[in-house]
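Chemist: Dropping the sequence and predicted coords here.
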Amino acid sequence: MRPSPRPLCPDIPAIPWQEPEPDGRDAVWRYRDNPLLDWDPIPCASRIFNSAVLAHEGAFVGVFRTEYHDGIPRLHFGRSRDGLAWNIEETPIPFDYEDESLRRFHYAYDPRLVRIEDTFYITWCNDLHGPTIGVARTTDFRTFVQMENAFLPYNRNGVLFPRRIGGRFAMLSRPSDTGHTPFGDIFYSESPDMTFWGRHRHVMSRGGGWWQGLKIGAGPVPIETSEGWLLLYHGVVNTCNGYVYSMGVALLDSDEPWRVRQRCANSLLRPQKPYETTGFVPNVCFPCAALCDGASGRIAIYYGGADTTTCLAFTTVEMLFEAMRRHPQR
């Protein structure tokens, strides 16, 4: 008998966790006290959602998409002892710059946060005469240095892998155009130095189910397992009432992550609760962060609800593999 897939990531003994309901049938279930952050979470902001969380020194840190009352999103830093109650700083992250020509701000949204070796990296959707992938680094969460943008416009959903692959940094992204991202596929890129990106490879196409027929995009930082990289991603369908964002899962090859080894045909988290179906942008479940405990395989998923709230859901490595096995995308 083949051994069960194992997570290859550090232990997080204090990972947020809640057991599913006894009659629960889904591979992913919601935190029963959602949302973690609701309307008007801090004085300067009407909404915080689509944000990034990381375990750090026995507690948790995060970079949060903070939508101001003028409608423009900024990035704010936050801390939490338990990953549930958050203290969000009331001023934006004060970036330093590798090059002064990067000192340009029109918006910053949908961050991801990852540790690679001894450095923490933030990626986000940044403005460079159109949306592209901004990158910054920190070693202490006090000084943040903005680096060169990874790509030309137009691009979104830049997600770094948590380690080098073949000696190079690796990133997923979704190239788009000047409209509302009608280009819908995920691509892979590599860099020797986090500045010059190349060796681009196609990873996954939209489609295979109506729920992901319009576009897809990488979600949280991929989770390394003994069988490959678990990728949680969002898929979008265009309905007669507008876009609907749901979450799916795929397995990428360990050494060549542009090769998809398995993919679930079904969505695993779709807008159902009022905080997902009603808000600034209705019908959105948008995953941006996932904590995985290496010891237990438990996974806590942070996602945005209706572009308004910050929410939490749970699953396990084993249950994600089971979902792909039971409902394979052909």
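Modeler: The structure has been received and is ready for your questions.
Chemist: mind checking how far residue 247 is from residue 262?
Modeler: As defined by C-beta to C-beta, to the nearest Å, residue 247 lies at a distance of 16 Å from residue 262. (Each C-beta comes from the backbone N, C-alpha and C, glycine too.)
Chemist: Between the two, which has more neighbouring residues?
Modeler: The neighbour count for residue 247 versus residue 262, taken as other C-beta atoms under 10 Å, is higher for residue 247 (23 against 18).
Chemist: Beta-bridge partners for the more buried one, please?
Modeler: Per DSSP bridges, the residues bridged to residue 247 are residue 234, residue 269.
Chemist: Read off the pLDDT value for it.
Modeler: Here, the pLDDT recorded for residue 247 equals 98.
Chemist: from memory it sits against residue 271, does it?
Modeler: No - here residue 247 does not reach residue 271: they are 10.1 Å apart, not a contact under C-beta atoms under 8 Å.
Chemist: Now for the two: what residues contact both?
Modeler: Residues within reach of residue 247 and of residue 271 at once, by C-beta atoms under 8 Å, 6 or more residues apart in numbering, are residue 285.
Chemist: List the buried residues for stretch 83-93?
Modeler: Within stretch 83-93, the residues that qualify as buried are 83, 86, 88, 92-93, counting by 16 or more other C-beta atoms under 10 Å.
Chemist: how about residue 70, secondary structure?
Modeler: Using DSSP: H, G, I helix; E, B strand; the rest coil, the secondary structure recorded for residue 70 is coil.
Chemist: Quickly note the distance from it to residue 277.
Modeler: Taking C-beta to C-beta, one finds residue 70 at 26 Å from residue 277.
Chemist: what do you get for residue 210?
Modeler: According to C-beta to C-beta, residue 210 stands 18 Å off from residue 277.
Chemist: Show me what the host helix or strand of residue 285 is packed up against.
Modeler: Here residue 285 sits within strand 285-292, counting by DSSP states H and E. Counting contacts by 3 or more C-beta pairs under 8 Å, 6 or more residues apart in numbering; DSSP states H and E, strand 285-292 is packed against strand 45-56, strand 108-116, strand 228-239, strand 242-252, strand 298-305.
Chemist: Direction included, what does that strand pair against?
Modeler: Next to strand 285-292 in the sheet, as set by DSSP bridges, lie strand 298-305 (antiparallel).
Chemist: Quick one: residues in contact with the helix or strand that comes right after the partner strand.
Modeler: Counting by DSSP H and E, the next helix or strand C-terminal to strand 298-305 is strand 309-316. Contact partners of strand 309-316, identified using C-beta under 8 Å, 6+ apart, comprise 16-18, 20, 27-31, 34-39, 41, 47-49, 51, 64, 84, 86, 268-269, 275-276, 279, 285, 296-305.
Chemist: Over to stretch 323-330?
Modeler: Contact with stretch 323-330 is made by 27, 208-209, 249-251, 262-266, 268, as judged by C-beta under 8 Å, 6+ apart.
Chemist: Thank you kindly, that will do.
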